[in-house]
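*Asks:* Mind looking at a prediction? Sequence and model below.
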Amino acid sequence: MSGDPSTTNDTTNDATDDATSNQPTTPAWVVNPVGPLRGSVTVRGSKNAVTKHMVAAMLADTPSRISNCPDVGDVAITAGMLEALGCGVELIDGVANIDPRFIDSSRVPLRFSGLNRIPILMVGPLLHRIGHAFVPLVGGDEIGARPLDFHVDALRKMGAEIEFTSEGLEAKAVKLQGAHIELPYPSVGATETILMTAVLAEGRTVLDNAATEPEVIELALFLQRMGSRIEMRPNRRFIIDGVETLSGAAHRLKGDRIEAFSYLVAGLITGGEVRVHGCSQDRLVTAISTLQGMGARFEITDTSISAWADSLTPAAVQTDTHPGFMTDWQSPMVALFTQCKGISVMYETVFENRFTYVPALKQMGAQIELYNTPLGSMETRFVGSSTPCSVVVSGGNPLIGTDVTVPDIRGGFAYVLAAAAAEGRTTIHDTHHLDRGYNRPIENFEELGLDIKRVEVAAGSGA
Ligand code: EPU
């Protein structure tokens, strides 16, 4: 399963770290496989929780302290947006101190347009503080249409007037009220918007068909710590009774389950063993049971999880909302499938454009076919879309390093995993996506023994 260092072929491409000075350059990573990856990695708080906690801190009358923050681009982007609103943000050694007392602007500047998914979450808090909000159009990975209709419908139900302009979304409200909202799909972001709006709204909000991802529950608990009155009921129901004021709170973020899974796969795909610290077992239960079904063995303690395998068998997996197999685990799993002898199937049901990394894996020698036929038991969220929702992987043949260009955060990490298992050097272009979402990935992979380094390459030299 592992790349054999003796087969490393430095002539597979022309990546260079000394791109000529007068040419524009872009960041890239160069990976030379070294065989099985072994060692320990500690993951920090999750990218998809930290930024939401930073926004929640806007709701309080006093400062909040969020620790175990990952060193990821999304934190810096969110800090920049908060500061532009007048919010104090101090980021030191993984601790974010957020002081909302001097927020005096309701407009997130246009320079933050398209950078991540966070601005829409600021609408509720800004309406509570100032009665008005402007947020630029959201960005994030191009993994599907990612509409905002659930957020907007819920905000309108709670009394906000909302208009879309060519630049973003303008909202105003004199007073927000609780409402009965049933989401058409348990959207993570829309659930977070509703929670962060309902906690200070007048009266009761009943939210049905809510997302229950661990990061959403973590946010709800943080809001409770701030003084919110939130009840969690069975069957995806939240009941929130609005309060007059909230106080700042302190929280140590829980470990990133996407990173944790990805590093466990890094060990498995190279025939090694990686021990992950910092992410508890309950966040990985479905990932662990799926890998166990393929023959992986685990040592699980209160503080760490490690995985190894003598050999792995193929599997059929479909992505789902929590507690199912999460969509963000999909691309590392497909990379792993390429090295499991036999036919595996991955069926994506959450986002309609999450297989954009597949052509590059095929270029590396993986045998993968894309289908727009559902190869699983449930409907996708995007019925009727013409994009592929299923892949069939004929695994077990060697991968060969080449030049690949990162399409989105999670697809990009699948390239690193494939490159670690491949023969020869891989140059991964457009790695800024990876820096937005992973905490010190180069250092972590180096700890595991991988030969990986950052370089600057001539712009446009990617695949
Ligand atoms: N949807 C709508 N309308 C809406 C909102 C969502 O149709 O108003 C649809 C989406 O298009 C998608 C489905 O509902 O088909 C689920 O979307 P959701 O709102 O749950 O996703 P999100 O909040 O935009 C977060 C994470 C994603 C993660 C998903 C699912 C953040 C910043 N992003 O996105 O993470 O995949 O939940 O768990 O929290 C990543 O980290 O790489 C990433 C994409």
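*Replies:* Nice, thanks for sending it over. Numbers count the residues shown, from 1 in each chain.
*Asks:* which outside residues touch stretch 72-90?
*Replies:* For stretch 72-90, contacts defined as C-beta atoms under 8 Å, 6 or more residues apart in numbering pick out 47, 50-51, 54-55, 57-58, 63, 69, 91, 96-109, 112, 115-116, 118-119, 122, 126, 432, 435-439. C-beta coordinates here come from the backbone N, C-alpha and C atoms, glycine included.
*Asks:* Among the residues you listed, which lie within strands?
*Replies:* Among the contacts of stretch 72-90, DSSP state E puts 91, 96-99 in strands.
*Asks:* ranges for the helices of the protein?
*Replies:* In chain order, the chain shows helices spanning 47-56, 73-84, 123-130, 149-157, 188-198, 214-225, 257-269, 285-293, 330-337, 358-363, 409-421, 432-437, 441-447, with DSSP state H as the criterion.
*Asks:* With respect to the ones you listed, which exhibits the lowest mean confidence?
*Replies:* Lowest mean pLDDT within the helices of the chain: helix 432-437, at a mean of 89.
*Asks:* From the contact counts, what lies against it?
*Replies:* strand 25-32, helix 73-84, helix 409-421 (3 or more C-beta pairs under 8 Å, 6 or more residues apart in numbering; DSSP states H and E).
*Asks:* Please tabulate the ones you listed in JSON lines and include distance to residue 217 as additional columns.
*Replies:* Compiled in JSON lines, the helices and strands packed on helix 432-437 are given as follows (distance: least, C-beta to C-beta, whole Å):
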{"stretch": "strand 25-32", "distance to residue 217": "34"}
{"stretch": "helix 73-84", "distance to residue 217": "20"}
{"stretch": "helix 409-421", "distance to residue 217": "22"}
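*Asks:* Give me the neighbour count for the residue in the chain that the ligand sits nearest to.
*Replies:* Closest contact between the chain and the ligand, by C-beta to the nearest ligand atom, is at residue 189 (2.9 Å). For residue 189, the number of neighbouring residues by other C-beta atoms under 10 Å comes to 21.
*Asks:* Would you confirm that it contacts residue 116?
*Replies:* No. Using C-beta atoms under 8 Å, residue 189 is not in contact with residue 116; the gap is 11.0 Å.
*Asks:* rewinding a little: ranking the helices and strands packed on helix 432-437 by burial, who's on top?
*Replies:* Across the helices and strands packed on helix 432-437, the average number of neighbours (mean count of other C-beta atoms under 10 Å) peaks for helix 409-421, which reaches a mean of 28.
*Asks:* In terms of secondary structure, what does that one contact?
*Replies:* Applying 3+ C-beta pairs under 8 Å, 6+ apart, one finds that helix 409-421 makes contact with strand 25-32, helix 257-269, helix 330-337, helix 358-363, strand 426-429, helix 432-437, helix 441-447.
*Asks:* count of neighbours near the nearest residue to residue 260 once chain neighbours are set aside?
*Replies:* Using C-beta to C-beta, 6 or more residues apart in numbering and skipping residues adjacent in sequence, the residue nearest residue 260 is residue 279, 3.7 Å away. By the criterion of other C-beta under 10 Å, residue 279 has 27 neighbours.
*Asks:* Contact partners for residue 279?
*Replies:* Contact criterion C-beta under 8 Å, 6+ apart gives 43, 254-257, 259-260, 305 as the residues in contact with residue 279.
*Asks:* Pipe these into JSON lines and attach neighbour count and distance to residue 383 per row.
*Replies:* Converted to JSON lines, the contacts of residue 279 look like this (neighbours: other C-beta atoms under 10 Å; distance: C-beta to C-beta, whole Å):
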{"residue": "43", "neighbour count": "25", "distance to residue 383": "35"}
{"residue": "254", "neighbour count": "22", "distance to residue 383": "33"}
{"residue": "255", "neighbour count": "22", "distance to residue 383": "34"}
{"residue": "256", "neighbour count": "30", "distance to residue 383": "31"}
{"residue": "257", "neighbour count": "28", "distance to residue 383": "28"}
{"residue": "259", "neighbour count": "28", "distance to residue 383": "31"}
{"residue": "260", "neighbour count": "27", "distance to residue 383": "32"}
{"residue": "305", "neighbour count": "24", "distance to residue 383": "36"}
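*Asks:* need the residues of this protein near the ligand, please.
*Replies:* Of all the residues in the chain, those in contact range of the ligand (C-beta under 6 Å from any ligand atom) are 47-48, 117, 141, 143-151, 185, 187-190, 211, 213, 326-328, 350-351, 381, 409-410, 437.
*Asks:* Quick check: PyMOL command selecting the buried ones in these.
*Replies:* To isolate the buried subset of the residues of the chain next to the ligand in PyMOL, counting by 16 or more other C-beta atoms under 10 Å, use the following:
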select buried, resi 47+48+117+141+143+144+146+148+150+151+187+188+189+190+211+213+326+327+328+350+351+381+409+410+437
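*Asks:* my read: residue 146 touches residue 138, true?
*Replies:* Yes. Taking C-beta under 8 Å as the contact criterion, residue 146 and residue 138 are neighbours in contact, 7.4 Å apart.
*Asks:* so what sits against both of those two?
*Replies:* Contact with both residue 146 and residue 138 is made by residues residue 117, according to C-beta under 8 Å, 6+ apart.
*Asks:* What are the contacting residues of the helix or strand bottoming out on mean pLDDT in the chain?
*Replies:* Within the chain, no helix or strand scores below helix 432-437, which has a mean of 89 by mean pLDDT, DSSP states H and E. Among residues not part of helix 432-437, those counted as contacts by C-beta under 8 Å, 6+ apart are 26-27, 29, 47, 72-74, 77, 116, 141, 406-410, 412-413, 416, 428, 441.
*Asks:* what about this structure, any weak spots by pLDDT?
*Replies:* 1-21, 139-141, 143-145, 462-463 (pLDDT under 70).
*Asks:* In space, not sequence, find me the middle residue of it.
*Replies:* Closest to where the C-alpha atoms of the chain average out (C-alpha atoms, centre = their mean) is residue 48, at 5.6 Å.
*Asks:* Distance check, it against residue 211.
*Replies:* Summarising the geometry, the distance separating residue 48 from residue 211, computed by C-beta to C-beta, to the nearest Å, is 11 Å.
*Asks:* okay, and the common contacts of those two?
*Replies:* Common contact partners of residue 48 and residue 211 (C-beta under 8 Å, 6+ apart): residue 188.
*Asks:* Quick one: residues contacting the nearest residue to residue 129 once chain neighbours are set aside.
*Replies:* Leaving aside its chain neighbours, residue 129 sits nearest to residue 103 (5.6 Å; criterion: C-beta to C-beta, 6+ apart). Contact criterion C-beta under 8 Å, 6+ apart gives 58, 85-87, 129-130 as the residues in contact with residue 103.
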